[in-house]
Every structure is written in C-alpha cells, then in structure tokens.
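# Sequence and predicted model, in that order:
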Amino acid sequence: MPSAPLSANTSKMPGRDFPTSPDDFGPFASVDRQGYSIKQQFAGANVMVTGASGYIGSLVVEQLLRTTDVGKIYVLIRGKRGQTAKERLRKLMQSGLFHLVREDINLLKKVRLLEGDMNSDNLGLSEQDLQTVQTQIQFVIHSAASIELEADVQHTLRSNYLGTQRLLALAARMNALKCFVHVSTAYVNVNLPRGSYIEERLYPLYIGEQEVHHADIVEDLMSLKPFSANVRAQMYLDMWDFPNTYTLGKNLTEKLVASYHKQYSLPIAIVRPTLVCGLAGDPYPGYCGNLAGPVGMGVAMAIGLFDRLESVAMVPTHVWDAVPGDVVSSVILATAAATAAKVDFNQYRNSKIGSSEDPPVVHAGTSTTYPISMAEAFYAGFDFVKQNPPPFRLPGSKLFTIPLDYRPDEAAVKRRKFWTSWKVWIAVKLLERLGQHKTARRLKYGHMAWEIQNSAKTDRNVFFASKNLKQLEALLDAADSGSAHYKVTWTIRNGGWPRYISTNIAGMYRIVFGMSDVKGLEDNDFKFIPSRSRVLAPAKDPSGAPENDTVAESDTRKTLESADNHGSAPLMQTVSEGDEGNVDDDDDASSGQEDVITQGLKGTAAAFSTIVATGADFMNELTPDAAAGYRDQQVDSSGVIQSLSMKLAHSLTRPHSESEFVAGSHRSSPVRQMRRLTSFPAGRKDA
C-alpha cells in the first residue's frame, strides 16, 4: 500500500544533508550556467541502472562503457525463467549491442551486478549491496518499468508506482547522490486534447475544480479487490481521457517523483521518450530492440495484419513522434550530466507555466524538431516490402497504398479487424493442434500488439515541446557535441528519416525474418552483428579473491557464435524498456510486462514462419511427447492443416450483416477464445 500523501512538514529522510534556508532549497541552489560535459561528469562516477536488461537501460549501459571513463555501473537484475541474475547479465553483455566493448575485459569489470527486485522491500538487495548503494552511488538511471499498456491497474501501479517509490526511498539515503533520472514516457499527458502542444512540465489532474493527489488515487485503487479496482480505474480513465492504465500509472508516478524532488531536495530530472525505435548510429545501426513506430509498421505490413486500406485506423498525415534509441540514451546521459553539474536548463522554472519547485522535464522526441508523418513511414515500408516479399503473410492480405486524404471509418476498421482476428484465431488453433504452443502464444500477442498500435484511441497527433531538450543541446560541451558519441536531438543533420528508416527496415528483415539479402536498400547503414555465447569466469581483484558480481571473460574458454555464416540467425535477445517480463514466460498473465509491441510483432513473424513450414514434415517440429501422441492417434498432420484451412476459408466467405460487425455480436467470439489460450497441457516443453 502506498504511504499517505507527502506533506511539506514530513520529517527529513536519513542519510542526506538538507537545506536550512529557502535560498538553499533544491538541487539548483548554486547554478553554473557555463555548460556541462557528459564525459567529465561521468568520469570515475558510480552509476546505478535499473532496467538494464531492457532496451533503454541496455543502451545507457553500453554508451557509458563505450564513451565515458565511468567508474562502476551497478545494474539491478533479478533471476527469471530458470536463469540466474548473473547469467542474464552475462548474456546481455555478449549480445550484438555490446560488440564494441565486449572484447575489453577492463570495461566488463566495471559492470557490477545488484541482484534484486523492484517489487521487494529495499529492492531485495543484500546487506552488503545495500551498504554499497547508500555510500557509493552518484547517479541513478531508473528505466525499469512495466509497459503493458492494458494491464490490470493494480499490476501497473505495483510495478511502476510502488516500485519507483521504493527506489526513491533508497535514493534519499544515498549520501553521494548527484542525480536521479526517472525515465518516464511522453504519453503521460496524452489525455490532453488531440492536436495539443504538450510542454515539458507536469500537468495536474482535477476532479471538478479540486486538484487530486497522486497518493490518494493509488491508495484508493490498491485498497480494492482486483476486479473492483479495474472498474474504478476505468472511471478515472474516462474522466481524464487516458487511453490505458499504463499512461495513467506513469502520470501518477511522475507526480510521486516530483514530490520527492520538492520535499527531500533530491536532484531529480525526468526524461520522457516518445516512441523509441531502432538505432541510427553506433554501436549498431539498425539494431531493433523495439519495433514500435515506423519499423513495427513495416513488420505489420509485411506479415499482412494490414490487409486492406480500411484496416488502417490512423490518419496518414498525422505526426508520428518516433525517436532513435541512441538519441534517447544520449538525452538521458545529457540530462544526468547537466543536473549533476547544477546547470539550470529548465526553461519553465521562472515562467507562469508549471511550478518552480517541479523537477526539470525533457522530452526525447521529434515532433517539434524533425517530425515524420504516418504516411511517410507507411510508404517507406511499402516500397521495401514490395521489393522484398516476406517469407510468410496472412492469407487474404495484400499490399496497398494509402491516399493522403484518407480518413479512417470506424465501422470499416472494425470489419477489417474482425476478419483479421478470425484469421489469426484459426492460425493460433492450427499451431495449438500441431503442438506449437509457444508460437501460438507469440502469434496471439502479435495480434494484440497490432490492435494496440493501430488504433484511433492512440492516434492523438500531439506535439511534444523541446525547449529543455534544445537547451541541453546548446549547453553541452563543444568537445562532446562535436563528437559522434552523443546525438541529443534528431535532425536531418544526423542522417535524416529516409536513411534511418532504410537502415532499420534492413535490420528488421535480418533480425526478425532472418533474411540477409534485401533489394533496394543500398542507402542504409545496417550490418548484422550476432550475439554470441561466451563462457565467462568471475573476475579477480588484485588480492586474488574472486569477485562474483563482476562480468569478465575467461581467456581460456572458447567463444561460440550464436549463428553460423550461412544459416539464418535466431531472433536477437529481446530487450525492452524495463526488466519486467517477457511474452515467453510460462505464465501468460504476466507476459505483457515487456514491450508487447516488440514481442508481439516478432512473435507474429515467428508464428507465420512456422505456419509456412507446415508443408514439410511437421512431426519434426513437435516435442517428443506431442509427436508420440500424434502417432498413437494416427493423426495426419496434412489433414489437420487442410481441415483448419477449410474452416478459415469458410469463415472468410460466410456472409455477415453490417449489424454483426458494428454491434460486435460475432466480433467478440474469436477475441474471447484467443484470450482463453493461456493454459496448455501440463509437462509440455515449448520449442
């Protein structure tokens, strides 16, 4: 349960020196307006990163190792799915993302494991680790989060709000803390009217004319039974026009973070990324750790989820605020360095807008620096998919162009989504019948991901201010800004959208589809870099004692490549915004905690790759038990495929009335049954 609302008279937290006069209040009491240097601020510093196994967190860790002389990086990771925390960290450090640093044992020694969990008291840290954190950490980069958009509200609040509250309470006891960066999302204010210009500040929530307190809302929702909490949460969503529980939860979490900044004088800054996409430059151009935005559009188009023009729920000329992942990582490091240097880059501090006591907020986006429309991304994907047909597509789908004056019709979109849901449902049942439970689950999440991304509910056409972002860029040290290491803003000078989209679509086809040869993308920077399996041994300190929480490689062990030079590479290790789960979890109820769009679209690709393979001997694809069962029952796999294919064809040709689609009397059937595909035969072993 959350604590009661924080008051101005709350007693001081232990471990930190607090201001004694109003002139000393806040982290910017003594302001240096001469600029700042990322390299200088992080030189020799000890940094704690949450969500390091996720997409944004992993980018931050890699960039710190590659571009700064950082002291140590303490990463909070928990064991999961049969892997220990140490095994997960070692696997991450040998992924393709870290190829520029993974050969340097001295760099790897800087990465220290903090085995813990955001959902445990004191983050589940040991006494020794807790002491280290309280005395040695100077920077905290908090990127761990559950980003399942439509999760039960208590799950969202437990992972994001209460987890952040535990970290903030610990941060208040960090004696050496210079900066705490909270990685939020630009969509915390997506409840504002469509077409809004959203500024880099906190917006209060009101019931009538009364401003509400974040802790009151959280306490209210967490005190109820789960079903009642979801019902009440829907009231709040409708009242404030939030599209999902994720954005509401992150909005409340920002207000919690701001309360610690104001009342405990913590040096906090908030970074709000928009749609975080693949990398534009180093260390790995085209690396698709996240398939939201334009690249995800390309995947959905390729596999046939967009099967007709009427299936598009978005206005083509609306701005789509996507941003390269390496830009987001640079913004996070720049924000942390400027805050630690006490450089006042907050352009809203002395304005009538917002509170002067709020922490600075930085939008990491492109809608007001270098915008791109949905149509531009769509046509880039169309041109590529036309030249490079994917190895699999949903039946009945075709490529199509989208007129710039197209406006989606709600009833027509529902019809197309209805047909798509039936096709996906039949495919899921086919995979289930053939023993491909894991692939079926991936396909289900792929469809759900497409439903979320392709929605008028999330097509807000909002514009995110960039005053603080541009100020960060202007104040950055000339040596840092002149290097290729830090892209704080994304503009045509940094490469431009056409080359970026080409690079990332090439990466998408290689990583998601396993296709190394593509046409029509000569103007791109992608080069596949495989992850590898490396047997690692604990590093030793000068005294000879083993140090089990460092990551270093044994020079006497053999390096194994994860893919040979001729075969198609496996899907790259999936990473996301936070260290909070995966759709490969055995428990589907918790699977959406990782990036559902990334996991879902990759999963859909994998699913239809498997469906295409049904023309071969599918018995080889089954687990031994499943194969034995088919033989015992003398089931003809080709007959199963033929039977289900006929059912699919029948469902696509059976006439339906307009009222069935609009009213949803049939529409709910496949969706309901898909959602029930969450339990599988005991003792199975997924491929």
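Sure thing, it's come through.

# Send me the helix or strand hosting Ser421 as PDB with only the CA atoms.
Ser421 is part of helix 410-433 when elements are defined by DSSP states H and E. C-alpha atoms of helix 410-433 as PDB (Å, rounded to 0.1, in the frame of the first residue of the first chain):
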ATOM      1  CA  GLU A 410     -14.700   3.400 -37.600                       C
ATOM      2  CA  ALA A 411     -17.200   0.800 -38.800                       C
ATOM      3  CA  ALA A 412     -14.900  -0.200 -41.700                       C
ATOM      4  CA  VAL A 413     -11.900  -0.600 -39.400                       C
ATOM      5  CA  LYS A 414     -13.900  -2.800 -37.100                       C
ATOM      6  CA  ARG A 415     -14.900  -5.000 -40.100                       C
ATOM      7  CA  ARG A 416     -11.200  -5.500 -41.100                       C
ATOM      8  CA  LYS A 417     -10.100  -6.100 -37.600                       C
ATOM      9  CA  PHE A 418     -12.900  -8.600 -37.300                       C
ATOM     10  CA  TRP A 419     -11.600 -10.600 -40.300                       C
ATOM     11  CA  THR A 420      -8.000 -10.300 -39.200                       C
ATOM     12  CA  SER A 421      -9.000 -11.600 -35.700                       C
ATOM     13  CA  TRP A 422     -10.600 -14.600 -37.300                       C
ATOM     14  CA  LYS A 423      -7.600 -15.400 -39.500                       C
ATOM     15  CA  VAL A 424      -5.300 -15.100 -36.500                       C
ATOM     16  CA  TRP A 425      -7.600 -17.200 -34.300                       C
ATOM     17  CA  ILE A 426      -7.600 -20.000 -36.900                       C
ATOM     18  CA  ALA A 427      -3.800 -19.800 -37.200                       C
ATOM     19  CA  VAL A 428      -3.500 -20.000 -33.400                       C
ATOM     20  CA  LYS A 429      -5.700 -23.000 -33.300                       C
ATOM     21  CA  LEU A 430      -3.700 -24.600 -36.000                       C
ATOM     22  CA  LEU A 431      -0.500 -24.100 -34.200                       C
ATOM     23  CA  GLU A 432      -2.100 -25.400 -31.000                       C
ATOM     24  CA  ARG A 433      -3.200 -28.600 -32.700                       C
END
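
# Show me what secondary structure element comes after that helix.
Next element after helix 410-433 (DSSP H and E): helix 437-453.

# so what secondary structure elements neighbour that next one?
Secondary-structure packing of helix 437-453 (3 or more CB pairs under 8 Å, 6 or more residues apart in numbering; DSSP states H and E): helix 294-303, helix 410-433, helix 596-612. All C-beta atoms are positioned from the backbone trio N, CA, C, and that covers glycine.

# quick one, that helix and helix 294-303 angle?
120 degrees (axes from the mean of the first three to the mean of the last three CA atoms, to 10 degrees).

# State the mean pLDDT of helix 437-453.
The average pLDDT for helix 437-453 rounds to 77.

# So which of the helices and strands packed on helix 437-453 is the most surrounded?
With neighbours defined as mean count of other CB atoms under 10 Å, those peak in mean count at helix 294-303, which reaches a mean of 27.

# which residues touch that one?
Residues from elsewhere that reach helix 294-303 (CB atoms under 8 Å, 6 or more residues apart in numbering): 277-278, 288, 291, 306, 320, 322, 372, 374, 377-378, 380-382, 384-385, 390, 392-394, 399, 446, 449-450, 453-454, 501, 504-505, 507-508, 512-513, 597-598, 601-602, 604-605, 608.

# Please pick the buried ones from the residues you listed.
277-278, 288, 291, 306, 320, 322, 372, 374, 377-378, 380-382, 384-385, 390, 392-394, 446, 449-450, 453-454, 501, 504-505, 507-508, 512-513, 597-598, 601-602, 604-605, 608 (16 or more other CB atoms under 10 Å).

# residue ranges with poor pLDDT in the stretch 201-350 of the chain?
Within the stretch 201-350 of the chain, the stretches with pLDDT under 70 are 290-293.

# hmm, try it at 90
Low-confidence segments of the stretch 201-350 of the chain, defined by pLDDT under 90, span residues 287-308, 320, 348-350.

# Let me know the pLDDT of Ser679.
33.

# next one: stretch 142-153 to chain centre, how far?
Its chain's C-alpha centre and that of stretch 142-153 lie 9 Å apart, by CA atoms, centre = their mean, to the nearest Å.

# From the opening residue of that stretch to its closing one, how far?
End-to-end span of stretch 142-153 (CA to CA, to the nearest Å): 21 Å.

# For that stretch, buried residues please.
142-149, 151-153.

# Please tell me I have it right and Thr401 contacts Val385.
No. Thr401 sits out of contact with Val385 when judged by CB atoms under 8 Å, with a separation of 11.9 Å.

# And the helices and strands packed on helix 437-453: which comes nearest Thr247?
helix 596-612 (14.1 Å; CB to CB).

# Much appreciated, bye for now.
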